[in-house]
Structures are given as structure tokens and as C-alpha cells.
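J.: coords below, sequence missing:
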């Protein structure tokens, strides 16, 4: 029941991390799986007539005077671990300005977009020391609402009460971060209620750098408008949001976001304190789904998926760290063989000569048997085997999509976002779904809980964006070397701009879309493993409370991240042992 209710949330998370598209034409649908809120009579709702109906196509934009920046708000109280917390929920637009490259021109142009946000702010606390976290979803093409209800925000869907009442009901969310930080959920251009302001069009902001620049501009405006200059600031990004967050963070640190002539000279500026990257691909060029590179970064994930389906993870003596240490060791051996023996098998015009020669060696049987035992695919090797009866002979470098389809075809194909579950072979995986999804439950929730009544549909997932997304970095910006599909340079440079910057990377063991070990390898190769904490949990893509076992561990470590200074977090991060080295 819980997994089904979060199906479309996963679709928004997954929309573009590992690429791949659907052959079918995008179609618009309305969410029926996402948890709806309690419906309250609309007697005290203030109509929102200041902002016109938004359009979300690539050529669309909105006239500036049709956008109202007046937010709607409502006061509430929730109970977290026996402690009542009073807060204010707000929603509205801020028109943000960024410098982006339009077309082939090289000159800077000022570009405007109306960015929609939902904010939750604790009452009665001094803003100077109160953290504020800006939350972004993935895709690109996903809006932020699925990260609010039932995830980080103050409310969640009460399944039991809803069944008893015969109508949707909400409850206080025990997993909210509101006791640690104020929360601002942000919708990128072309999602939620966010759109370009004419003469610019939505597509002008559908790119790795233009997106980050307009969103960093939004943060600067929010900080200025709400007088949050000295507040510790964090960026939380899920999936592709984990790729955009380091770019936004770097831009903020470079520009000293929030500073302006109107800022109070007596108050110190706290530009950026930390980044939380949930299920990111830090460098698409190391992902073997998209490129001809070694799949060793995915092997520990394959191993955990097999262990789960073998029910090994349920045994009392199952020790995940020891199990994964062995898997990482084999992954290192795999990469060495890939580079020396079978890399050429993976090309458009394969050269199998080195691989065929290796298969004649005695050690080949041991290698192929370890692949079988680790993944559950294939069979024990015999000298008479060939490419037709043993998939590892055909190509030992199996990407996550092929693994998902071949793991147990009789049961279906594994869900890319969570290999614990199967999907019918004929169905499109949520990670590859390119439909537009409107969330009607969000409009109801906003009207009831925040007094925000929208004229537009809330576009939770814009299926048009990924096909038109520009991953090419802006050549006029710094750090252009090796930034194509990668935020590793942004992370490294941000840590030179702010040596106290805290970075936490979260992954799920069973996430085939963004493998946890690949992030470990990417971070170590960048010589950042002593500064960046990578935490993996028994969950899938998005590492949320709805699908992660013992989520209280996730929450404890996440809250500790806010509490501890960078120097203490660094002390907790050990350099990857020999078994983890790529």
C-alpha cells in the first residue's frame, strides 16, 4: 500500500538520472497514487488572483505584470516527539533574474522567471541562528511537492485514519526536518507553478547552468526578501537535484548570494553551510548506462539486490558492511580486468579478441563464477559455454537496465529505483516515463493548509524537459573543464571557497538508477573522501521514509549533519579502505 502510494513520487525522483527515454508520445495524466490531504471546507481560503494561468511548454512564458509576489500564509502547530512546534506555512512566487546564454549569442542577458515556492518557518525563533534549507527534486522535470508531504515537510498522509473516515486525513509527520531547519521547497522553471517571464521562454532555463543560475538567483531573492542573510543555509537535492545542488551552491559561494546594497552592514553573511545530496549521479560520464565505461560501480548494488531476493538480508548473521567489503573488492578486480581485457567488447564495433583469449585461461572460470554468485544471473561456468547460453560471456559489462531485465524474467523486470520490487515486463519503468503528471492533491493541500488557491494545474512532472535539457556547461563560466554531466568540479571548488562547507551524500542499497558505490568511487577519485560523508541505507532511490528500513537511522544521521561543525564531520569520515579503491 505504501509503495503503491509513492509510485509517482518515485517517477518524479527518477525521471532522468540514468537517461533513457520512452518511445511513446508524452501524455498528460493526473496523479491518483500520491497521498491526498484532508479536505477542509473552503470557507476561510483567500482566493489567489494575482498570478495568471501558467503554461509549461518549451516556448511558453508569462507576462510579468500577471505574476503576484504576495505570498499566502497560515499558522499551524505540530507535535514532534512530544514537543509542540508552532510554524507558519507560506506559498507564492518570486521573480528571479539570472544571467544566461540564449541561443548562440555570447553576451550576458538578464533573464527572468517566476519561481514558485512553499516555505515552512518556525515561529518565535531568532532568524540569525535558525537554519534554512532549500529543497529541490530531480528529473530534470520534477516539482518539489513530493518531497514535502510524507517526506521532509510537517505533514504526512494518515492511511489508517483515512480508511476509517472514508476520506483523506493528514497527520503530523514524525520525519520532518522542521525541528532542525526551516524548509523552502522550490519548483524549477516548467514545473509546479514556475515559468519563464516574457520575453524569455521556459526552454531558456532548461540547461545545467541556466537552471542553476536562475535558482541561485531565487535563493538570493528569498534571503533578501525574508531577511535571512545570517541564517545558516543548506541545499537539499534529490536525484537530479543532487546534481544541480552543487552547481547552485558554487554559484552562491562565488557571488556571495544575499548581499546587496540594501543588506544590513551590521549583520554577517552566511552564504552556504552545507549540501545534502540524496541519490545523486555525481558524474554521468562514469555511469555505464550512458557511456562505454566499466560497470564496477554498480556491482555492489547488484550484490545487495540478489542478497535481498535470496532473503540473505533477513538472516541474523547477515553483516552488510562485511558483505559489501567483499563486493567492493571484487568490483576493484572487475575494473582492472575491464581496462586490461574486455573494455573493447563494450564498443559499437566490438573487438572480442582479448576477451576470447582470456576465456581460455584457467582464472576465467573463477571470474565468471564470481559474477554469477554475486548477481544471480547466468550459471556456473563450463568450458563448453558460449555467448548464447551464458550472458557474461556475451558481455561481462552489464549495465543496470540489462541487469533489471535479466535478473528473474519470469517475475518481470526489477524496478530501477528499487531492485526489491518487480515491474511487469511490458510496463514502462518510472525512471523512463516521460508523461506529464498534474498533482491535484497539491492544489487541495495548498488551498486548505496554506490559503494558496492556484489558477494553474500543479505540474508535478514535466515530461518534455528531459528531452530538451542541455547538459553542455556554459563555456563562459569558470570550472568548464570536465563539467559535462558532472558536479565534482563544483563540489571541489566550493570547498576551497568555504573550507567549512559540509556535504552529505545519501544512497539506497537497492537503487539501480544511482548506485551508491559509484558515488564513493567518484568522490575518492576527486580526493574528497575525507571531506564528504557517503551514507548508504537499506532503501531505494530517494532514501525516503516510505521505502527505507529503519529510517530512524537516516533521520538521526541527517539531523546530526545539521548539528555538527565541518571539522567534526570530517573526523567521522574515514578514507576508503583498500577494499573500496577503484
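T.: Alright, I've got the coordinates. What you are looking at is a predicted structure, and each value in this text was computed from that prediction instead of being measured.
J.: every contact and neighbour count from this point should use C-alpha atoms.
T.: Will do.
J.: helices or strands up against the strand of greatest length in the chain?
T.: Criterion DSSP state E: the longest strand present in the chain is strand 83-100. The helices and strands touching strand 83-100, judged by 3 or more Cα pairs under 8 Å, 6 or more residues apart in numbering; DSSP states H and E, are strand 72-80, strand 109-122, helix 208-226, helix 440-450.
J.: in the longest one, what's buried?
T.: The neighbour-count criterion (16 or more other Cα atoms under 10 Å) identifies 208-224 as the buried residues of helix 208-226.
J.: domain ranges for this structure?
T.: Per automatic domain parsing, the domain ranges recorded for the chain read 2-285+435-576, 290-398.
J.: now tabulate the ones you listed in JSON lines and tack on mean pLDDT and distance to residue 409.
T.: Shown next, in JSON lines, are the domains of the chain (pLDDT from 0 to 100; distance: least, Cα to Cα, whole Å):
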{"stretch": "domain 2-285+435-576", "mean pLDDT": "82", "distance to residue 409": "17"}
{"stretch": "domain 290-398", "mean pLDDT": "94", "distance to residue 409": "11"}
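J.: can you list contacts of stretch 343-351?
T.: 292, 293, 294, 352, 355, 395, 397 (Cα atoms under 8 Å, 6 or more residues apart in numbering).
J.: emit the ChimeraX select command for whichever of those are buried.
T.: Buried members of the contacts of stretch 343-351, defined by 16+ other Cα under 10 Å, are picked up in ChimeraX with:
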select :292,293,294,352,355,397
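J.: return the member of the contacts of stretch 343-351 nearest to residue 163.
T.: Distance to residue 163 across the contacts of stretch 343-351 (Cα to Cα) is lowest for residue 397, with 47.4 Å.
J.: wait, that closest one touches residue 292, no?
T.: No. Applying Cα atoms under 8 Å, one finds residue 397 not in contact with residue 292, separated by 9.2 Å.
J.: just the angle between the longest strand of the chain and helix 440-450, please?
T.: 120 degrees (axes from the mean of the first three to the mean of the last three Cα atoms, to 10 degrees).
J.: now the angle from strand 83-100 to strand 72-80?
T.: Using the same axes, to 10 degrees: strand 83-100 against strand 72-80 is 130 degrees.
J.: in strand 83-100, what counts as buried?
T.: For strand 83-100, burial by neighbour count (16+ other Cα under 10 Å) applies to 85, 87-100.
J.: could you do stretch 469-479 as well?
T.: Quick answer for stretch 469-479 (16+ other Cα under 10 Å): 469, 470, 473, 474.
J.: same deal with stretch 62-74?
T.: 62, 64, 67, 68, 69, 71, 72, 73, 74.
J.: out of those residues, which comes closest to residue 436?
T.: The shortest approach to residue 436 among the buried residues of stretch 62-74 belongs to residue 62, at 19.6 Å (Cα to Cα).
J.: residue contacts, that closest one?
T.: Residue 62 makes contact with 52, 54, 55, 195, 196, 197, 198, according to Cα under 8 Å, 6+ apart.
J.: does the third one touch residue 61 like I think?
T.: Meaning residue 55. Yes. Using Cα under 8 Å as the test, residue 55 is close enough to residue 61 to be in contact (6.8 Å).
J.: neighbour-wise, which of those two wins?
T.: residue 61 (25 against 20; other Cα atoms under 10 Å).
J.: how near is the more buried one to residue 195?
T.: According to Cα to Cα, to the nearest Å, residue 61 stands 6 Å off from residue 195.
J.: swap in residue 526?
T.: From residue 526 across to residue 195, the span is 36 Å (Cα to Cα).
J.: higher neighbour count, these two?
T.: More crowded of residue 526 and residue 195, by other Cα under 10 Å: residue 195, with 30 against 12.
J.: list the contacts of the more buried one.
T.: Residue 195 neighbours (Cα under 8 Å, 6+ apart): 54, 55, 56, 60, 61, 62, 113, 114, 115, 189, 201, 202.
J.: tell me the contacts of the first one?
T.: This means residue 54. Contacts of residue 54 by Cα under 8 Å, 6+ apart are 61, 62, 193, 194, 195, 456, 457.
J.: redo that, cut-off 6 Å
T.: By Cα atoms under 6 Å, 6 or more residues apart in numbering, the contact set of residue 54 is residue 456.
J.: which secondary structure element is home to it?
T.: Assigned by DSSP states H and E, residue 54 belongs to no helix or strand.
J.: ok, the third one next?
T.: Residue 56 is part of no helix or strand, with elements assigned from DSSP H and E.
J.: thinking it is in contact with residue 189, fair?
T.: No. Contact criterion Cα atoms under 6 Å: residue 56 and residue 189 do not qualify, at 8.2 Å.
J.: among those two, which residue is more densely surrounded?
T.: Counted by other Cα under 10 Å, residue 56 and residue 189 do not tie: residue 189 has more neighbours, with 31 against 25.
J.: which among the buried residues of strand 83-100 gets closest to residue 252?
T.: For those, the nearest to residue 252 is residue 98 (12.1 Å; Cα to Cα).
J.: if the closest one is in a bridge, with which residues?
T.: According to DSSP bridges, the partner residues bridging residue 98 are residue 111.
J.: and the longest strand of the chain with helix 208-226, angle?
T.: For strand 83-100 against helix 208-226, the angle by the same axes, to 10 degrees is 130 degrees.
J.: how about residues contacting strand 83-100?
T.: Looking at strand 83-100 with Cα under 6 Å, 6+ apart, the contacting residues turn out to be 69, 71-78, 108-123, 210, 213-214, 217-218, 450.
J.: phi, psi for residue 248 please.
T.: phi -60, psi -50 (degrees, to the nearest 10).
J.: how much space between it and residue 135?
T.: 12 Å.
J.: compare these two (neighbour count), which wins?
T.: Just comparing residue 248 and residue 135: by other Cα under 10 Å the higher neighbour count belongs to residue 135, 26 against 23.
J.: show me what the strand or helix carrying the more buried one is packed up against.
T.: Using DSSP H and E, residue 135 maps to strand 132-136. Helices and strands touching strand 132-136, by 3 or more Cα pairs under 6 Å, 6 or more residues apart in numbering; DSSP states H and E, are strand 182-187, strand 233-238.
J.: hmm, who's touching the last one?
T.: Outside strand 233-238, the residues that touch it by Cα under 6 Å, 6+ apart are 131-138, 245, 272-279.
J.: report the buried residues of stretch 288-307.
T.: Buried residues in stretch 288-307 (16+ other Cα under 10 Å): 288-289, 292-307.
J.: turn the contacts of stretch 343-351 into a markdown table, including distance to residue 502 and secondary structure.
T.: A markdown table is the format used below for the contacts of stretch 343-351 (distance: Cα to Cα, whole Å; DSSP: H, G, I helix; E, B strand; the rest coil):
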| residue | distance to residue 502 | secondary structure |
| --- | --- | --- |
| 292 | 33 | coil |
| 293 | 30 | coil |
| 294 | 30 | coil |
| 352 | 46 | coil |
| 355 | 44 | helix |
| 395 | 40 | coil |
| 397 | 35 | coil |
